[in-house]
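>>> Sharing a model prediction with you, sequence too.
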Amino acid sequence: MAPEISTAALIFACNEEDLADGETLRLEADGGIAVYRVDGEFFATSDSCSHEKWSLGEEGELEGHEVLCTLHMARFDVRTGAPLCFPAVLALKKYRTVLSDDRVYVAPNED
């Protein structure tokens, strides 16, 4: 039996079935958070491209574990937030995701 997870300090993102593989969404919390689903796993980063303000959760294209910023073609790894090509050189902020009772949550920054 899995231990019970307290969701009191977490940000609700969506129900598990609300986001299909390869889809993204944007949360308003913490200045904007992008949530991604890849191969049944959930990942979250800051929503704005680090090169220029552009929503990755609404305007980005998810290709496997990479999200493409459609404004200037920067790419990021959704697992780490790392930039994968120019013009982006700064990493996205990464958030921990938690799945509890078929609901997806994002942990606020823990640093």
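That came through fine.
>>> Dig out what the spatially most central residue of the chain forms beta bridges with.
Computing the C-alpha centroid of the chain and ranking residues by Cα atoms, centre = their mean puts A44 first, at 2.2 Å. Under DSSP bridges, the beta-bridge partners of A44 are V35, Y95.
>>> and it, how far is that from R96?
According to Cβ to Cβ, to the nearest Å, A44 and R96 sit 8 Å apart. C-beta coordinates here come from the backbone N, C-alpha and C atoms, glycine included.
>>> who touches both of the two?
Each of V106 lies in contact with both A44 and R96 under the rule Cβ atoms under 8 Å, 6 or more residues apart in numbering.
>>> E17 touches V104, doesn't it?
No. The criterion here is Cβ atoms under 8 Å, and E17 misses it with V104 at 10.0 Å.
>>> When the two are compared, which one has more neighbours?
The neighbour comparison of E17 against V104 (other Cβ atoms under 10 Å) goes to V104, with 23 against 8.
>>> OK, contacts around the more buried one?
Applying Cβ under 8 Å, 6+ apart to V104 gives the contacts F12, A13, C14, N15, E16, L19, V35, F42, T97, V98.
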